[in-house]
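[1] the following block contains a protein sequence and its predicted model.
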Amino acid sequence: MNWLISFLDWLREFFGDPENWTGSDGIPMRLLEHLEFSALALVLAVLIAVPLGLLVGHTGRGELLVVVSANLARALPTLGLLVMFVLLLGASSIWPVIIPLVLLSVPPILVNTYEGVKGVDPELRDAAYGMGLRGEQVLWRVLVPVALPLILLGCRLSAIQVVATTTVAAYTGLGGLGRYVIDGFATKDYASVVGGSVLIVLFALVVQVLFALVQRVTVSPGVSRRLKVR
Amino acid sequence: MITFDSVSKRYPDGTVAVDALSLEAPTGEITVLVGPSGCGKTTSLRMINRMIDASEGEILLDGVPVRGIDPPTLRRGIGYVIQQAGLFPHRRIIDNIATVPYLLGWDRKKARATAMELLERVGLDPALAQRYPFQLSGGQQQRVGVARALAADPPVLLMDEPFSAVDPIVRTNLQDELLRLQSELNKTIVFVTHDIDEAIKLGDRVAVLRVGGRLAQVADPKTLLSEPADDFVREFLGQDRGIRRLRFISADGLRLRTDLTVPEGSDGGTSEPWLLVVDADDRPLGWRPGAEPGRLEPFGTYAHRGDTMRAALDAALLSPSGCAVAVDEQGKVVGVATRQALDEALTEAADG
């Protein structure tokens, strides 16, 4: 049980140190940075990928783009991309880090949005047009609500990926929770490594819970089939 | 009235779905398009609300070419019912029914009140209003589909094999319900089916289409059965069209005997081979064979007022006595149609 004791000791040491709770390298600040980078990257990715996915899924034009981007995303090495952008653009602003984060998180959202809209039962689409809905009404009133679980799934996958990759981004000198892990390793400060890891895991869990809540609020019970038959 | 004026649909690859179709669907009647798969019946239907555009010819709605009407506007004025109901899964039943009224910009309250009315009209429990489609059975969903099509009270209703995905018992119910609704609403209905029995049951007029989208015959069901235009129609109608024709001959004229019924418990001797035993309320209990007074054999009944010769014949065939029992609305025996009486009526029917 030695490992558990040292683990708990490290945690006590890390979270118990008042110095770790203040200043520019304190936990609140690092958390905020992590949140800022992740959220910024994710919001940009959503703004790009959701409209594009809806357009492609609804019109059926540009399907090749979706396929190619999905395959690219699988092939791209995260860290390599980060390092490349930092080398290309320098480390003076956050953009060399944000751009690859956005690039990485666009494909899951794009693919899932596209698949969600494309996969809506053709009978349903037909009925919607047959009732007299116009193209954009069919999209917003029928296809989006029905495809919403998949769209949100794409966003959630990207969010988790972004949170994880933002950690790695500390390698390039960026702030965020990754600092604790990377600096801790460099100085053999294992309390910092363990404490930072725990914070990152908690952060990812909170993101998951948030998405579950968003899903619950936005997806119709008729689509999620959450209700029991009375 | 809906008029097809030599309408054709050709696809770029050369397939002809509908070939120079000329047809009229009169106002207030049910016109059924029937035929094997590939005969263009669904295509023809979908050209009316411009889900598909005709390549040649003109479809007129009360004299106005649909070609000139913006499709969404046109469709909001035409009820449309499809095979799988196609309800919006994310909306409650009441809002599904109110789809077109919402599109037309009705006040929400009025739209919902109309939807509630229709829910009852199609025979559904008002408690279903707040449910989602996945909570309803296939038959219930199909009723909601009909209610949704009727919501904005369109004069025209297009029904594309609406009852073919439900089980036979539910289908029969839905068909009867449609006929009941139609007797109240008098819509101009175009109904597509591949089931000739459904066509004959529902249609005021039946248009039989052949593969390649050509009209084989259009007639009322009785004429169709007695005078099929050619071998294709004859074959499509099937072998027992003589029997099915009996559905259009009323059983009211059957000569009834009233001297064959005896009350329960009486053992009056008689020379008749069969006697119908009735209870104190004149309801039939069974046939008693003259040779074996202790036994009761099964019987078949038909409604004295309203049933057809087909029902009467069916009732006769259900019983070893070979006689059909005519009953009134309360189920009380009015009389018995013997084989002789049925035979006379059938001879008359065969003569036209």
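    That came through, no problem.
[2] helix, strand or coil for residue B:190?
    strand (DSSP: H, G, I helix; E, B strand; the rest coil).
[3] model confidence over stretch B:34-49, on average?
    Across stretch B:34-49, the average pLDDT comes to 94.
[4] ends of it, what's the gap?
    19 Å (Cα to Cα, to the nearest Å).
[5] got the buried residues for it?
    Buried residues in stretch B:34-49, counted by 16 or more other Cβ atoms under 10 Å in any protein chain shown: B:34-35, B:39-49. Bear in mind the C-beta positions are built from the backbone N, C-alpha and C, glycine included.
[6] over to stretch B:318-334?
    In stretch B:318-334, counting by 16+ other Cβ under 10 Å, buried: B:319, B:321, B:323, B:324, B:325, B:326, B:327, B:333, B:334.
[7] pretty sure residue A:56 is touching residue A:68, no?
    No - counting by Cβ atoms under 8 Å, residue A:68 is not a contact partner of residue A:56; they are 11.8 Å apart.
[8] dihedrals phi and psi, the closest residue to chain A within the stretch 151-300 of chain B?
    Distances between the stretch 151-300 of chain B and chain A by Cβ to the nearest Cβ are smallest at residue B:158, namely 8.3 Å. Backbone geometry at residue B:158, expressed as degrees, to the nearest 10, gives phi -110, psi 130.
[9] okay, now it: neighbour count?
    If you count neighbours by other Cβ atoms under 10 Å in any protein chain shown, residue B:158 ends up with 26.
[10] with residue B:264 instead?
    12.
[11] that one contacts residue B:279, doesn't it?
    Yes - with contact defined as Cβ under 8 Å, residue B:264 reaches residue B:279; the gap is 5.4 Å.
[12] find residues that contact each of those two.
    residue B:285 (Cβ atoms under 8 Å, 6 or more residues apart in numbering or on different chains).
[13] what residues does chain A have near chain B?
    Within chain A, the positions adjacent to chain B are A:121, A:123-124, A:126-134, A:137, A:141-142, A:145-146, A:220-223, A:225, A:227, A:229-230 by Cβ under 8 Å from any Cβ of the partner chain.
[14] show me what the worst-scoring helix or strand of chain B on mean pLDDT is packed up against.
    None of the helices or strands of chain B scores lower by mean pLDDT, DSSP states H and E than helix B:241-245, at a mean of 80. For helix B:241-245, the elements it packs on are helix B:221-226, helix B:309-317, judged by 3 or more Cβ pairs under 8 Å, 6 or more residues apart in numbering or on different chains; DSSP states H and E.
[15] let me see the mean pLDDT of the helix or strand following the last one.
    Towards the C-terminus, the helix or strand next in line after helix B:309-317, according to DSSP states H and E, is strand B:324-327. This predicted structure assigns strand B:324-327 an average pLDDT of 92.
[16] and strand B:324-327, what does it pack against?
    Using 3+ Cβ pairs under 8 Å, 6+ apart: strand B:324-327 touches strand B:301-303, helix B:309-317, strand B:333-337.
[17] host element of the residue nearest the centre of chain A?
    With distances taken as Cα atoms, centre = their mean, the residue of chain A nearest its centroid is residue A:159 (1.1 Å). Under the criterion of DSSP H and E, residue A:159 resides in helix A:144-168.
[18] hang on, the earlier thing: give the next helix or strand downstream of the least confident helix or strand of chain B.
    strand B:261-263.
[19] partner strands of that following strand, with direction?
    Paired neighbours of strand B:261-263 in the sheet (DSSP bridges): strand B:274-278 (parallel).
[20] can you give me the neighbour number for residue B:229?
    Around residue B:229 there are 15 residues (other Cβ under 10 Å).
[21] can you lay out the helices and strands packed on helix B:241-245 as a markdown table showing mean pLDDT and mean neighbour count?
    Below are those laid out as a markdown table (pLDDT from 0 to 100; neighbours: other Cβ atoms under 10 Å in any protein chain shown):
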| stretch | mean pLDDT | mean neighbour count |
| --- | --- | --- |
| helix B:221-226 | 90 | 20 |
| helix B:309-317 | 90 | 20 |
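[22] adding distance to chain A, write the ones you listed out as TSV.
    Shown next, in TSV, are those (distance: least, Cβ to the nearest Cβ, whole Å):
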stretch	distance to chain A
helix B:221-226	28
helix B:309-317	36
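[23] got TSV for the ones you listed, with distance to residue B:147 too?
    Output for those, formatted as TSV (distance: least, Cβ to Cβ, whole Å):
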stretch	distance to residue B:147
helix B:221-226	27
helix B:309-317	30
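[24] quick revisit: quick check, nearest of the buried residues of stretch B:318-334 to chain A?
    Lowest distance from chain A to these (Cβ to the nearest Cβ) belongs to residue B:327, with 39.6 Å.
[25] report the beta-bridge partner residues of that closest one.
    Where residue B:327 sits in a bridge, its partners, by DSSP bridges, are residue B:303, residue B:333.
[26] buried residues in the host helix or strand of residue A:217?
    In this structure, residue A:217 sits in helix A:190-218 according to DSSP H and E. Going by neighbour count (16+ other Cβ under 10 Å), the buried part of helix A:190-218 is A:190-200, A:203-204, A:207, A:211, A:215.
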